[in-house]
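Enquirer: Pasting the sequence and the predicted model now:
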Amino acid sequence: MRLSLPPLLSCLIAALPAVFAAGCSPAASSAHAAEPGSSNVPFAYAETDVSDLQARMVAGELDSTTLTHAYLKRIATLDRAGPRLRAVIELNPDALKEAAERDRERRNGRLRGPLHGIPILLKDNINAAPMATSAGSLALQGFRPDDAYLVRRLREAGAVVLGKTNLSEWANFRGNDSISGWSARGGQTRNPYRLSHSPCGSSSGSAVAVAANLASVAIGTETDGSIVCPAAINGVVGLKPTVGLVSREGIIPISFSQDTAGPMTRSVADAAAVLTAIAGRDDADPATATMPGRAVYDYTARLDPQGLRGKRIGLLQTPLLKYRGMPPLVEQAVAELRRAGAVVVPVELPNQGAWADAERIVLLYEFKAGLERYLNTYQAPLRSLAGLIAFNEAHKGQELGLFGQELLQEAQATPGLGDPVYIRARSDARRLAGPEGIDAVLASQKLDALVAPTTGVAWPLRSTGDDFPGESYSVAAVAGYPSLSVPMGQIDGLPAGLLFMGTAWSEPKLIEMAYAYEQRTRARRPPHFDTDTLIESGDP
């Protein structure tokens, strides 16, 4: 079932500011669509985590059918009506049937795993039958492939697939002036803390849905910031795993060098539980063959409230340390890390940003090759990047009314993965960000991890694209290393996140440290769906 109509050209022209605030459909004509008291809609399962929900089901106080129905009702109240968050792009028509089956299994003494009966949302670039997998594009709105490998893992662990989440179209790899959280199929996802502000992207809907308690947990994907940025901006936890820890089979790609899926949750404990379910080797994704040690690992075993004791952490010196309102939050975070027994020292990356040009080349080349492989493997309605570009031109009123497709056109012009330009760029990007970047700093300072503000806070939505405040996560993304964003506090009512980064396969250590920090600070605050005056196009 679709939750929104594709934007129409007349709507884009006549009511551009309202597009950003509420999406663009006949039912969403007001920039201030929040109903009175919508932020106070009673919800019996608000802010509950997986372990609490499981305890209630074990005690017989709750079942999966009741929980799934409650989330569906909340989505109807807050996502389709009320503030119109537009976080959910499509519901699973079989969700209640899946929940009923999990309940029958529980009654018969069969528990599939720690996620048994837990509703979960998936970003709409992840295959999950019987729903469409569209990357937010009208070109794929009727495309319904079989489950991705990680979706099969989730279902094997007992999860109930609730639906798909909206995203920045093509995971924010389409145009130079793209608008985070907007897709032609889903409209504009809205930040639940301030509805006229950006949710960041590209896993916008996954972050907003979890922040607004539309689901217990969600899955996002990241190439460079697409999990951790929306997690920080929307006050939730986002874990981007090491490339190769989670299979990418059945996920619409950007870059096989950097792509990964990961959990987006309200707590580090839930992120650990979901990662345990989805991590593992998959013959269809060669990157997972590099995973060291056991193919199965219980990340919840690392949830130690004393996990910071004896750790040595580097505070990255980035411009974000001077971002408006950020200094007191960082000072407080560092003080908590130290009180928890960690040593915190200031550090700098020796080649900050030196990988950027090489990364751009890698993404352009790998996007074309990876997308066409995906489209042909799953027999999509279009089979080439050139076909996608032509589709967008033929439907420019719906697809290109807000921004263009320059990145698609640049990718189309690349000559192939055998080009020496690409081969050199791939080697340079990984080396500069990994061995000569994160690894070099960790080794020289004898550090367990790096921390920094994930990004700034949400910016007003504008027709001219994102007013992005900067980031600390690109180095981990380019290296293929893990990063984990945890709520750090708020600036003027908007959430900010603290990012933990480490070397490859250091998820257990990052989870341990982030959990200890989270338990000390309890910095997450639920959203109130505030409205304010929209910033007009081009205004400062």
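Expert: Nice, I can see it.
Enquirer: does Arg426 count as helix, strand or coil?
Expert: Following DSSP: H, G, I helix; E, B strand; the rest coil, Arg426 is assigned to helix.
Enquirer: How many residues are close by it?
Expert: 19 (other CB atoms under 10 Å). For glycine as for every other residue, the C-beta is placed from the backbone atoms N, C-alpha and C.
Enquirer: what about it, distance to Thr300?
Expert: Per CB to CB, to the nearest Å, Arg426 is found 35 Å from Thr300.
Enquirer: Wait, Ala479 touches Ile438, no?
Expert: Yes: the pair Ala479 / Ile438 is scored as a contact, 5.7 Å apart, by CB atoms under 8 Å.
Enquirer: anything in contact with each of the two?
Expert: Residues touching both Ala479 and Ile438 (CB atoms under 8 Å, 6 or more residues apart in numbering): none.
Enquirer: Nearest residue to Leu320 in space, please, no chain neighbours.
Expert: Leaving aside its sequence neighbours, Leu320 sits nearest to Pro453 (CB to CB, 6 or more residues apart in numbering; 4.3 Å).
Enquirer: OK, contacts around that neighbour?
Expert: 232, 318, 320-321, 323, 326, 329-330, 472, 488, 496-499.
Enquirer: Which of the residues you listed fall in helices?
Expert: Mapping the contacts of Pro453 onto helices (DSSP state H) picks out 232, 326, 329-330.
Enquirer: quick one: stretch 223-236 to chain centroid distance?
Expert: 6 Å (CA atoms, centre = their mean, to the nearest Å).
Enquirer: Enumerate the positions of that stretch that are buried.
Expert: Neighbour counts using 16 or more other CB atoms under 10 Å place 223-236 of stretch 223-236 among the buried residues.
Enquirer: now do stretch 78-87
Expert: 78-80, 82-87.
Enquirer: Any chance of JSON lines for the residues you listed, columns pLDDT?
Expert: Converted to JSON lines, the buried residues of stretch 78-87 look like this (pLDDT from 0 to 100):
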{"residue": "Leu78", "pLDDT": "97"}
{"residue": "Asp79", "pLDDT": "98"}
{"residue": "Arg80", "pLDDT": "95"}
{"residue": "Gly82", "pLDDT": "94"}
{"residue": "Pro83", "pLDDT": "95"}
{"residue": "Arg84", "pLDDT": "97"}
{"residue": "Leu85", "pLDDT": "98"}
{"residue": "Arg86", "pLDDT": "98"}
{"residue": "Ala87", "pLDDT": "98"}
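Enquirer: quick check, nearest of the residues you listed to Lys396?
Expert: The shortest approach to Lys396 among the buried residues of stretch 78-87 belongs to Arg86, at 21.9 Å (CB to CB).
Enquirer: max-length helix in the protein?
Expert: helix 356-377.
Enquirer: any idea of the mean pLDDT for whichever helix or strand comes after that helix?
Expert: Note on helix 356-377: by DSSP states H and E, the next helix or strand toward the C-terminus is helix 385-394. Mean pLDDT, helix 385-394: 98.
Enquirer: just to revisit the earlier point, output the longest helix of the chain as PDB, nothing but the C-alphas.
Expert: Output in PDB follows, covering the C-alpha atoms of helix 356-377 (Å, rounded to 0.1, in the frame of the first residue of the first chain):
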ATOM      1  CA  ALA A 356      37.700  13.100  -1.200                       C
ATOM      2  CA  ASP A 357      38.600  13.300  -4.900                       C
ATOM      3  CA  ALA A 358      39.500   9.600  -5.100                       C
ATOM      4  CA  GLU A 359      36.200   8.700  -3.400                       C
ATOM      5  CA  ARG A 360      34.200  10.600  -5.900                       C
ATOM      6  CA  ILE A 361      35.800   8.800  -8.800                       C
ATOM      7  CA  VAL A 362      35.200   5.400  -7.000                       C
ATOM      8  CA  LEU A 363      31.500   6.100  -6.400                       C
ATOM      9  CA  LEU A 364      30.900   7.300 -10.000                       C
ATOM     10  CA  TYR A 365      32.500   4.200 -11.500                       C
ATOM     11  CA  GLU A 366      31.100   1.700  -9.100                       C
ATOM     12  CA  PHE A 367      27.600   3.100  -9.200                       C
ATOM     13  CA  LYS A 368      27.200   2.400 -12.900                       C
ATOM     14  CA  ALA A 369      28.700  -1.100 -12.700                       C
ATOM     15  CA  GLY A 370      26.800  -2.100  -9.500                       C
ATOM     16  CA  LEU A 371      23.500  -0.600 -10.500                       C
ATOM     17  CA  GLU A 372      23.400  -2.300 -13.900                       C
ATOM     18  CA  ARG A 373      24.400  -5.600 -12.300                       C
ATOM     19  CA  TYR A 374      21.600  -5.300  -9.700                       C
ATOM     20  CA  LEU A 375      19.000  -4.300 -12.300                       C
ATOM     21  CA  ASN A 376      19.800  -7.300 -14.500                       C
ATOM     22  CA  THR A 377      20.200  -9.800 -11.700                       C
END
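Enquirer: in it, what counts as buried?
Expert: 358-359, 361-372, 374-375.
Enquirer: what inclination does that helix have with respect to helix 385-394?
Expert: 90 degrees (axes from the mean of the first three to the mean of the last three CA atoms, to 10 degrees).
Enquirer: Show me what helix 356-377 is packed up against.
Expert: Applying 3 or more CB pairs under 8 Å, 6 or more residues apart in numbering; DSSP states H and E, we find helix 356-377 packed against helix 385-394, helix 406-412, helix 420-433, helix 474-479.
Enquirer: How about residues contacting it?
Expert: 173, 223-224, 252-259, 380, 382-385, 388, 407, 410-412, 414, 416-417, 419, 421-422, 424-426, 428-429, 432, 474, 478.
Enquirer: for it, what is the average pLDDT?
Expert: Mean predicted confidence for helix 356-377 is 98.
Enquirer: so where's this structure shaky on pLDDT?
Expert: Applying pLDDT under 70 to the chain flags residues 1-40, 294-295, 533-540.
Enquirer: repeat that for 50
Expert: By pLDDT under 50, the weakly predicted segments of the chain are 1-38, 534-540.
Enquirer: With distance to Arg266 as extra columns, can I get the ones in helices among the contacts of Pro453 in CSV?
Expert: Formatted as CSV, those follow (distance: CB to CB, whole Å):
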residue, distance to Arg266
Ala232, 13
Met326, 23
Leu329, 19
Val330, 22
